[in-house]
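Student: below are the sequence and a predicted model; questions follow.
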Amino acid sequence: DEGIQREALVATLAAIADRIESEKDHLTDLDSAIGDADHGANLHRGFQAALDGADPDDDPAAFVKAAGMALLSKVGGASGPLYGGSLAVASSEFEEGITTESSVAFAEAYLEKVKDRGGASVGDKTMVDALTPAVHTYKRAIEVDDLDPLAALSKAVDATERGVRFTTPIRASKGRASYLGWRSVGHPDPGATSTLYLLEEIHDVAAE
Ligand code: ADP
Ligand code: MG
Ligand code: MG
């Protein structure tokens, strides 16, 4: 019911903020290889602000929207508008509550918004390379294979992991890493990696 959904959302945001805190240095290392070494700090600042500003009494759409707005105003860089703006827009899919169906719509809206705003496609070595297999696998698992959301999330996490690995041997064509040209080859993309962490936390909280 609604109360349980609210608790789950608060727990998910807390778990993500915690995970980002513990991966902060790692994300910064990844970004120092092909960017400007701030992805860890950017996301840490953003998710801390989102958690601090979260109102547990908000309905699901308002809760997710507020988190998105906090990320939008605090993360900065390229990833702030992508993570935050897309979350804020996709949150409207939860206006009738969180259901299996609305979770698929949310995932699709989020991916569309990231692609819209950033203009990146699969193969450009960005978070889109992690997000696309995540969303496609989740949707298929629910709609074609008829799995429950937790089993679908588990498949999505596996697909995301493969998406992150896919970013390593390819050359960046979007974002800061693209300035490095061929020197970007051989490093995983920081934003794809943080996307995996988010997915893992969403899965782990759902499994509890
Ligand atoms: P900045 O590059 O401005 O310092 P961050 O370091 O916080 O911002 O985020 C970098 C990440 O943002 C990259 O690893 C990549 O995944 C993602 N990114 C950058 N540009 C784009 C884009 N145009 N579309 C999608 N993702 C992008
Ligand atoms: Mg950076
Ligand atoms: Mg930066």
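Tutor: Structure's in. What do you need? Ligands and ions are numbered 1, 2, ... in the order given.
Student: spell out which residues of this structure are next to ligand 2.
Tutor: Within the chain, the positions adjacent to ligand 2 are 31, 35-36, 38-39 by Cβ under 5 Å from the ion. To be clear about C-beta, it is placed using only N, CA and C from the backbone, and glycine gets the same treatment.
Student: among those residues, name the buried ones.
Tutor: Neighbour-count burial within the residues of the chain next to ligand 2 applies to 31, 35, 38-39; the criterion is 16 or more other Cβ atoms under 10 Å.
Student: out of those, which two sit at the greatest distance?
Tutor: Spatial extent of these (Cβ to Cβ) is set by the pair 35 and 38 at 7.5 Å.
Student: shared neighbours of the two, anything?
Tutor: Common contacts of residue 35 and residue 38 (Cβ atoms under 8 Å, 6 or more residues apart in numbering): none found.
Student: so where is the protein shaky, pLDDT-wise?
Tutor: Applying pLDDT under 70 to the chain picks out residues 1.
Student: before we move on, back to that, ok, of the buried ones among the residues of the chain next to ligand 2, which one's closest to ligand 1?
Tutor: residue 39 (3.6 Å; Cβ to the nearest ligand atom).
Student: in this structure the closest one contacts residue 27, no?
Tutor: Yes: using Cβ atoms under 8 Å, residue 39 makes contact with residue 27 at a distance of 4.7 Å.
Student: near ligand 1, which residues of the protein? Just list them.
Tutor: 31, 35-36, 38-39, 42, 77-79, 82, 114, 118-120, 126-128, 174-176, 189-192 (Cβ under 6 Å from any ligand atom).
Student: mark which of these are buried, thanks.
Tutor: Buried members of these, scored by 16+ other Cβ under 10 Å, are 31, 35, 38-39, 42, 77-79, 82, 114, 118, 120, 126-128, 174-176, 189-192.
Student: among these, which ones lie close to ligand 3?
Tutor: 38, 77.
Student: after the helix ranked longest in the chain, heading C-terminal, what element do we hit next?
Tutor: Taking DSSP state H as the criterion, the chain has its longest helix at helix 2-34. Next along the chain after helix 2-34, taking DSSP states H and E as the criterion, comes helix 39-53.
Student: off-centre distance for the following helix or strand past that next one?
Tutor: Counting by DSSP H and E, the element after helix 39-53 in chain order, helix or strand, is helix 60-74. Relative to the centre of its chain, helix 60-74 is centred 13 Å away, using Cα atoms, centre = their mean, to the nearest Å.
Student: list of residues touching helix 60-74?
Tutor: For helix 60-74, using Cβ under 8 Å, 6+ apart, the contacting residues are 5-6, 9-10, 13, 45-47, 49-50, 53-56, 58, 80-81, 83-95, 97-98.
Student: repeat the analysis, applying 7 Å as the threshold.
Tutor: 5, 9, 13, 45-46, 49-50, 53-55, 58, 80-81, 83-85, 87-88, 91-92, 94-95, 97-98 (Cβ atoms under 7 Å, 6 or more residues apart in numbering).
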